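# Prediction below, plus the sequence it came from.
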Protein chains: 2
Amino acid sequence: MVRQEVQREQTASMEDYLEAVAMLQGKDKVVRVSQISRKLKVKMPSVTSALKKLSEQRLVEHERYGRIKLTPEGDAVARDVIRRHEALTRFFAQALGINRETAEEDACKIEHVISPLSMERLAKFVEFIEACPLGRANFPSRYKYYLEHGEFPQDCLERSAKKGK
Amino acid sequence: MVRQEVQREQTASMEDYLEAVAMLQGKDKVVRVSQISRKLKVKMPSVTSALKKLSEQRLVEHERYGRIKLTPEGDAVARDVIRRHEALTRFFAQALGINRETAEEDACKIEHVISPLSMERLAKFVEFIEACPLGRANFPSRYKYYLEHGEFPQDCLERSAKKGK
DNA sequence: TCGAATTGTTAGACATGTCTAACAATTATA
DNA sequence: TATAATTGTTAGACATGTCTAACAATTCGA
């Protein structure tokens, strides 16, 4: 009895295609090559060629000139990519105070290269920061103060004063 | 009068080579193809070929069978990569509590893809966390508690209690 | 200092993923 | 429903960066 290998390692590109299909599928139902092409800013032949590879791996189903949909395995991979994407976006946007667009762009790149351990910790970190802003010693707001004024808020100084201004 | 273009956009690979040369140069002075090969875990012909490209861009000097050294421009690029590398490593290690090795590996990947804005903010964030642990309401230690116990420390609860558990 | 071991280079194959050009299928519309 | 516009595919060029095999230069030790 041969065990099926399910979760193959994907390249950044293939992960992008899977992610795009999942997101378009969620929105509109019927996914088209042209949509993926627009979303990923690549030409249609690139999409066709990627879909061919993903079909061979049974991650998507794609009949010539026809519908594109994720298999359950493809969906699992895509969802995992999206999970990373969202945690990273939240980190950049919420924790670092970066604009949504840049946050998304960075998430899009980093989601493909970050280790599982760092990803897990980062997700927990965001969760922590969002849920636990330290009561009235609100963390993000102090960080914001530091960002805007270039110096530490009053109640930091006890411990950082030695490091000169 | 034609202006020289100095800081070209480099690929992740080329940035890795520049970074490696800079780091080996700092250590030993004389940089060899074999060292770069070992450091980056690629075969020597890959190194030779990369150095050829970087030479054409005047980022390294490399004479056949001879010394390898960065030009001032190459050094500037390399230092910038290393700056990103170090800030990222500090973030993963200090802020997220990840082991040095994994932190380095992740930094090595992310340094090539993160946007300048996010990089700047992340660096400031690390600076902030390291310099300003909120007096006795030490931030990293609360985060650590959360990591280890899976629940928020007492003084977080005022604000997060509503979220179940 | 000669020969073996090490180090480095060249040539060229290969993998990935992009693109353009040409053509084919589908769809929408007059 | 014929034809025009759109959408999709195929073929093949190209860029990047890796590798192996073969050869060349350098270095080190007997």
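Thanks, I have the structure now.

# low pLDDT regions in chain A?
Across chain A, the ranges flagged by pLDDT under 70 are A:1-8, A:27-28, A:132-148, A:150-165.

# how about the helices in it?
Using DSSP state H, the helices of chain A run over A:12-28, A:33-40, A:44-56, A:72-90, A:100-110, A:116-131, A:139-149, A:157-160.

# So the third one, near DNA strand D or not?
So the one you mean is helix A:44-56. Yes. Using C-beta under 7 Å from any atom of the strand, a contact is recorded between helix A:44-56 and DNA strand D, made by A:Met44, A:Pro45, A:Val47, A:Thr48, A:Ser49, A:Leu51, A:Lys52. In short, each C-beta sits where N, CA and C put it, glycine included.

# Name the residues that touch that helix?
For helix A:44-56, the surrounding residues in contact (C-beta atoms under 8 Å, 6 or more residues apart in numbering or on different chains) are A:13-14, A:17-18, A:33-34, A:36-37, A:40, A:60-62, A:68, A:74.

# Let's see that with 10 Å instead.
Residues outside helix A:44-56 that contact it (C-beta atoms under 10 Å, 6 or more residues apart in numbering or on different chains): A:10-11, A:13-14, A:16-18, A:20-21, A:32-40, A:42, A:59-64, A:68, A:70-71, A:74, A:77.

# Can you tell me which of the residues you listed are buried?
Among those, those classed as buried by 16 or more other C-beta atoms under 10 Å in any protein chain shown are A:10, A:14, A:16-18, A:20-21, A:33, A:35-37, A:39-40, A:42, A:59-60, A:62, A:68, A:70, A:74, A:77.

# So which of those residues reach DNA strand C?
Contacts with DNA strand C are made by A:Met14, A:Asp16, A:Val42 out of those, judged by C-beta under 7 Å from any atom of the strand.

# Closest one to DNA strand C out of those, please.
Checking those against DNA strand C with C-beta to the nearest atom of the strand, the nearest one is A:Val42 at 3.5 Å.

# and chain A, what are its domains?
The record's domain split for chain A, according to automatic domain parsing, is A:12-77, A:80-132, A:133-165.

# Can I get those domains in JSON lines including distance to B:Val126?
Shown next, in JSON lines, are those (distance: least, C-beta to C-beta, whole Å):
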{"stretch": "domain A:12-77", "distance to B:Val126": "26"}
{"stretch": "domain A:80-132", "distance to B:Val126": "11"}
{"stretch": "domain A:133-165", "distance to B:Val126": "11"}
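
# B:Cys108: which of the ones you listed is closest?
Closest approach to B:Cys108 among the domains of chain A (C-beta to C-beta): domain A:80-132, 8.9 Å.

# ok, A:Val126 - contacts?
A:Val126 is in contact with A:Glu86, A:Ala87, A:Leu88, A:Thr89, A:Arg90, A:Phe91, A:Phe92, A:Ala93, A:Gln94, A:Ala95, counting by C-beta under 10 Å, 6+ apart.

# and if we set it to 6 Å?
Shown in contact with A:Val126 (C-beta atoms under 6 Å, 6 or more residues apart in numbering or on different chains): A:Arg90, A:Phe91, A:Ala95.

# The second one: what's it in contact with?
The one in question is A:Phe91. Going by C-beta under 6 Å, 6+ apart, A:Phe91 touches A:Leu122, A:Val126.

# Looks like A:Glu15 contacts A:Ile82 (just checking).
No. In this structure, A:Glu15 is not within contact of A:Ile82 by C-beta atoms under 6 Å, at 10.0 Å.

# quick one: which of these two has more around it?
A:Glu15 (21 against 17; other C-beta atoms under 10 Å in any protein chain shown).

# Next, the contact list for that one, please.
Counting by C-beta under 6 Å, 6+ apart, the residues that A:Glu15 touches are A:Val81, A:His112.

# any idea how far it is from chain B?
Here A:Glu15 is placed at a distance of 13 Å from chain B (C-beta to the nearest C-beta, to the nearest Å).

# ok, now how distant is that residue from B:Ser118?
Between A:Glu15 and B:Ser118 the computed distance is 20 Å (C-beta to C-beta, to the nearest Å).

# I'd like to know which of the helices of chain A lies nearest to B:Ala107.
Evaluated over these, closeness to B:Ala107 peaks at helix A:116-131, with 9.5 Å, by C-beta to C-beta.

# And the residue of chain A closest to DNA strand C?
A:Thr11 (2.8 Å).

# So which of the domains of chain A is the most surrounded?
Each of the domains of chain A was scored by mean neighbour count; the highest is domain A:80-132, a mean of 19, by mean count of other C-beta atoms under 10 Å in any protein chain shown.
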